[in-house]
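[1] return atomic coordinates for the entry below.
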Amino acid sequence: MSGSVYKVVELVGTSDISWEKAAENAVSTAGKSLRDLRVAEITKLDMTVKDGKVASYRARVSLSFKYETQ
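    The predicted model follows:
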């Protein structure tokens, strides 16, 4: 019987537009160096504030990918 193993990493994506874009930035950037991405879970949303206005949106994402053994 064979099974799969997945590794989970935590990332923080940022965007000047929205939380959705921040999460998308985290996943798309990770996809440039990690293969076989599986599930992305948004674990926290926050934003930075400057001069009383929203400066940027941040999304903390737990991202899993298949762990390859050699």
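[2] element containing residue 60, please.
    Secondary structure assignment for residue 60, by DSSP states H and E: strand 53-66.
[3] now that strand: mean pLDDT?
    Mean pLDDT, strand 53-66: 97.
[4] ditto for stretch 24-37
    Per-residue pLDDT values over stretch 24-37 give a mean of 95.
[5] residue ranges of the helices in the chain, please?
    19-30 (DSSP state H).
[6] could you say what helices and strands the strand holding residue 60 packs with?
    The elements that strand 53-66 packs onto, with contact taken as 3 or more Cβ pairs under 8 Å, 6 or more residues apart in numbering; DSSP states H and E, are strand 6-15, helix 19-30, strand 37-50. (C-beta placed from N, C-alpha, C; glycine too.)
[7] buried residues of the first one, list them for me.
    Of the residues in strand 6-15, those buried by neighbour count under the rule 16 or more other Cβ atoms under 10 Å are 11, 13, 14, 15.
[8] what is the nearest of those residues to residue 28?
    Comparing those against residue 28 with Cβ to Cβ places residue 13 closest, at 8.5 Å.
[9] separation between the closest one and residue 33?
    Per Cβ to Cβ, to the nearest Å, residue 13 is found 15 Å from residue 33.
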